[in-house]
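Peer 1: Sequence first, then the predicted structure, then my questions.
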Amino acid sequence: MPEQVLLRLKNAIKPQWKTAFFAALIIGFLTHLFMFTNAIPNHDSLLNIHMSQKKFSLGRFFLSPFSGISSYFDLPWVNGALSIFYLALTSAALTELFGLRKKLSIILTAGLLVTFPTVTSTFSYMFTADAYMLGFFTTVLSLVITKKYTYGFLPGAVLFFVSVGVYQANLPLALTLITVVLLNEILTQQSSLRKTLTYALRFLMTTGIGMALYGITFTLYTNFFAGKISNYQGLNEIGDTSITISERFTLIKESFQEFFFRGYITEMPVNLFEMLNVATFTLIILGFVWFAVHHKIYRHGWLLGIAIVLLLSLPISAYSLYFVSSDVSYHMLMVMTLVSFYYVPIVFYDNYTPVKFTTPVLSWSTLLVSALIVFNFAIIANISYFNMNLKYERSYAFMNRVVDRIEQTEGVEEATKLAVLGRISMESSVSSVEVPQNVPKMTGMLGDRFLAHPPHYKRMMKNYFGYSYGLSSAEEREEIKESDLYKEMEPWPAASAVQRVGDTIIIKLDD
């Protein structure tokens with residue numbers, strides 16, 4: 001009977017999972033409620049109000065079925081609620097993966113996950129955000145099963161294959177989480193070398209088999225189904241050796257420093273974000289030393305050496321896609337893997353044993369710093385949403401004026417095409433200076449406007465104003481640019497900035 005099945009399921013749920021799940025729900029909804037209850041598009045949202053998300057050319061073979069769970073519409077509340085649900089499940093899975101026991105550890109782990117800037121940036125692409133959040137959960141679940149069961153690497157590999165087929169950046173996410181798990185085993189659980197290597201071998205089998213399955217699928221798509229792979233992020237140049245290993249390590253160092261210490265290495269101001277990152281790495285180093293001393297790891301040379309290598313390899317694991325293709329350019333949507341750095345002090349805190357002075361200092365410092373990070377991430381999220389709303393309001397107001405001007409153009413009823421030439425300038429000190437200086441590089445959320453290219457004008461006119469126009473071809477636009485009429489036109493907002501020639505409405509913006 002269903003009731004009996006549900007009862008058994010309820011009894012199987014650990015208290016720690018419940019804490020993680022509900023902490024993620026509460027913190028997640030409090031942080032992102034504004035985005036879930038407002039329809040705020042970005043540049044891609046204009047083109048994806050309804051889209052099947054069949055991104056085979058990007059190697060994301062499972063993105064479409066994952067997106068289809070919530071329909072293929074851009075539904076902020078539905079997609080947002082599902083996203084938080086998936087993240088809550090991910091929080092419970094992380095609790096099991098790290099073996100967390102303390103309530104505060106679990107709550108902070110959940111809070112870091114649901115407020116992390118990558119999650120926020122992904123929510124600017126709300127039309128498909130839930131699919132990526134489910135991909136995160138699938139990644140973590142594959143590792144939990146691998147760790148828990150002797151032959152868990154078999155189902156784990158399948159789950160991992162699916163998660164990478166949603167987004168390739170789930171590979172470095174898995175690698176950094178594995179690194180944290182192995183560090184945890186050596187430093188806090190005092191596992192033997194044999195047990196540690198057993199876990200490492202299982203994780204290697206999971207990722208190895210999973211990536212092999214992905215590689216087979218990739219090959220089948222390109223060779224047997226004549227599928228074309230996009231050049232986006234160097235996908236068509238996987239395995240390219242045009243840059244040296246040392247150059248790849250330089251890219252890793254630069255990207256790592258840019259994310260964690262931007263204010264210290266560039267002309268951008270130092271914000272609370274960078275200060276808390278310095279505190280986080282300080283806690284990682286102090287915690288590592290504490291366990292090495294108090295658990296006497298220093299007596300076991302091999303284990304201590306492995307632990308040091310694991311810790312130092314975290315940035316390499318996080319930016320491992322630089323070794324896959326030379327044209328990869330990391331942005332905020334790709335760095336969910338970096339949340340693992342913030343988990344290290346929490347994993348340490350969960351395992352500190354009473355030692356006079358040092359334990360209280362490290363414990364309280366970890367709690368305060370981690371809580372501040374969660375709060376700051378939430379503030380960053382809402383500053384980003386605030387800027388998105390400003391972008392939308394500016395763009396909508398501008399488009400309203402353009403449509404009004406078109407309606408007043410003589411003979412407009414004969415027009416069937418748009419020729420948008422140039423770009424509109426909507427510079428605002430808030431969006432171009434204050435916001436970028438106070439938040440990390442939030443992909444999809446920064447900037448002054450989202451009307452970047454002619455297709456954006458076409459879709460916004462159609463979906464927001466009810467006017468359906470085609471777009472002139474590149475050749476036609478070049479021909480228009482060479483015409484005497486266009487040369488006599490003045491750029492927007494001049495009265496002559498909108499003209500009709502035959503079946504084409506010409507809109508001249510800033511050159």
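Peer 2: Good, I have the coordinates. Residues are numbered from 1 along each chain as shown.
Peer 1: ok, and the closest non-adjacent residue to Gln499?
Peer 2: Among residues not flanking Gln499 along the chain, Ile506 sits closest, at 4.9 Å (C-beta to C-beta, 6 or more residues apart in numbering). All C-beta atoms are positioned from the backbone trio N, CA, C, and that covers glycine.
Peer 1: And for Pro345?
Peer 2: Of all residues not flanking Pro345 in the chain, Leu283 sits nearest, at 4.1 Å (C-beta to C-beta, 6+ apart).
Peer 1: Could you check the pLDDT of Pro41?
Peer 2: Note on Pro41: pLDDT of 92.
Peer 1: Just give me the neighbour total for the nearest residue to it once chain neighbours are set aside.
Peer 2: Take Pro41 and drop its neighbours on the chain: the residue closest to it by C-beta to C-beta, 6+ apart is Tyr392, 6.4 Å away. Neighbour count of Tyr392, defined by other C-beta atoms under 10 Å: 18.
Peer 1: can you check Leu104 too?
Peer 2: Neighbours around Leu104, by other C-beta under 10 Å: 18.
Peer 1: rewinding a little: wait, isn't the residue nearest to Pro41 in contact with Met35?
Peer 2: No. Tyr392 is beyond contact range of Met35, at 11.8 Å (criterion: C-beta atoms under 8 Å).
Peer 1: Not counting sequence-adjacent ones, nearest residue to Ala84?
Peer 2: One correction, residue 84 is Ile, not Ala. Gly28 (4.0 Å).
Peer 1: and that neighbour, what element?
Peer 2: helix 15-36 (DSSP states H and E).
Peer 1: now that helix: how far from the chain's centre is it?
Peer 2: In terms of C-alpha atoms, centre = their mean, to the nearest Å, the gap separating the centre of helix 15-36 from the centre of its chain is 18 Å.
Peer 1: from the chain's centre, how far out does the lowest-mean-pLDDT helix or strand in the chain sit?
Peer 2: Using mean pLDDT, DSSP states H and E, helix 2-12 stands out as the lowest-scoring helix or strand of the chain, at a mean of 84. Relative to its chain's centre, helix 2-12 lies at 35 Å (C-alpha atoms, centre = their mean).
Peer 1: Same check on stretch 269-277?
Peer 2: 20 Å.
Peer 1: Can you point out the buried residues in that stretch?
Peer 2: Asn271, Phe273, Glu274, Leu276, Asn277 (16 or more other C-beta atoms under 10 Å).
Peer 1: Now do the end-to-end distance for stretch 51-61.
Peer 2: Start and end residues of stretch 51-61 are separated by 15 Å (C-alpha to C-alpha, to the nearest Å).
Peer 1: thinking again about what came up before, tell me which other helices or strands whichever helix or strand comes after the helix holding Gly28 touches.
Peer 2: Where DSSP H and E defines the elements, the next helix or strand beyond helix 15-36 is helix 63-68. Here helix 63-68 touches helix 126-148, helix 153-166, going by 3 or more C-beta pairs under 8 Å, 6 or more residues apart in numbering; DSSP states H and E.
Peer 1: Identify, out of the ones you listed, the most deeply packed stretch.
Peer 2: helix 126-148 (a mean of 25; mean count of other C-beta atoms under 10 Å).
Peer 1: any idea how far Glu185 is from Val144?
Peer 2: Distance of Glu185 to Val144, computed by C-beta to C-beta, to the nearest Å: 14 Å.
Peer 1: give me the low-pLDDT residue ranges for the stretch 151-300 of the chain?
Peer 2: The stretch 151-300 of the chain contains residues with pLDDT under 70 at 225-242.
Peer 1: Do a quick rundown of the helices in it.
Peer 2: Remark: helices assigned in the stretch 151-300 of the chain by DSSP state H, counting those that start in this stretch are 153-166, 170-187, 193-219, 245-265, 272-294.
Peer 1: The fourth one packs against which elements?
Peer 2: Same thing as helix 245-265. Helix 245-265 sits against helix 272-294, helix 301-318, with contacts defined as 3+ C-beta pairs under 8 Å, 6+ apart.
Peer 1: Could you save those as CSV and add columns showing distance to Val78?
Peer 2: Below are those laid out as CSV (distance: least, C-beta to C-beta, whole Å):
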stretch, distance to Val78
helix 272-294, 31
helix 301-318, 32
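Peer 1: pLDDT below threshold where in the stretch 1-150 of the chain?
Peer 2: 1.
Peer 1: so who does the residue lying closest to Lys102 once chain neighbours are set aside touch?
Peer 2: Nearest non-adjacent residue to Lys102, counting by C-beta to C-beta, 6+ apart: Asp350, 5.1 Å away. By C-beta atoms under 8 Å, 6 or more residues apart in numbering, Asp350 lies in contact with Phe98, Gly99, Leu100, Arg101, Lys102, Ser105, Thr188.
Peer 1: count of neighbours near the closest residue to the last one other than its chain neighbours?
Peer 2: So that's Thr188. Nearest in space to Thr188, with sequence neighbours left out and distances taken as C-beta to C-beta, 6+ apart, is Asn351 at 3.6 Å. Asn351 has 22 neighbouring residues, counting by other C-beta under 10 Å.
Peer 1: Same question for the helix holding Gly28: list its buried residues.
Peer 2: Applying 16+ other C-beta under 10 Å to helix 15-36 flags 16-17, 19-21, 23-28, 31-32, 35-36 as buried.
Peer 1: for the chain, what's the longest helix?
Peer 2: Scanning the chain for the longest helix, with DSSP state H as the assignment, gives helix 358-407.
Peer 1: any idea which element Glu478 lies in?
Peer 2: Here Glu478 is assigned to helix 474-482, by DSSP H and E.
Peer 1: Assumed Thr409 was part of a strand.
Peer 2: No. Per DSSP: H, G, I helix; E, B strand; the rest coil, Thr409 lies outside any strand segment and is coil.
Peer 1: Tell me the spacing between it and Lys462.
Peer 2: Taking C-beta to C-beta, one finds Thr409 at 18 Å from Lys462.
Peer 1: Can you tell me what sits against stretch 134-143?
Peer 2: For stretch 134-143, contacts defined as C-beta under 8 Å, 6+ apart pick out 62, 66, 69, 82, 86-87, 89-90, 93-94, 97, 155-160, 162-163, 166-167, 170, 173-174, 177-178, 181, 203, 206, 210, 336.
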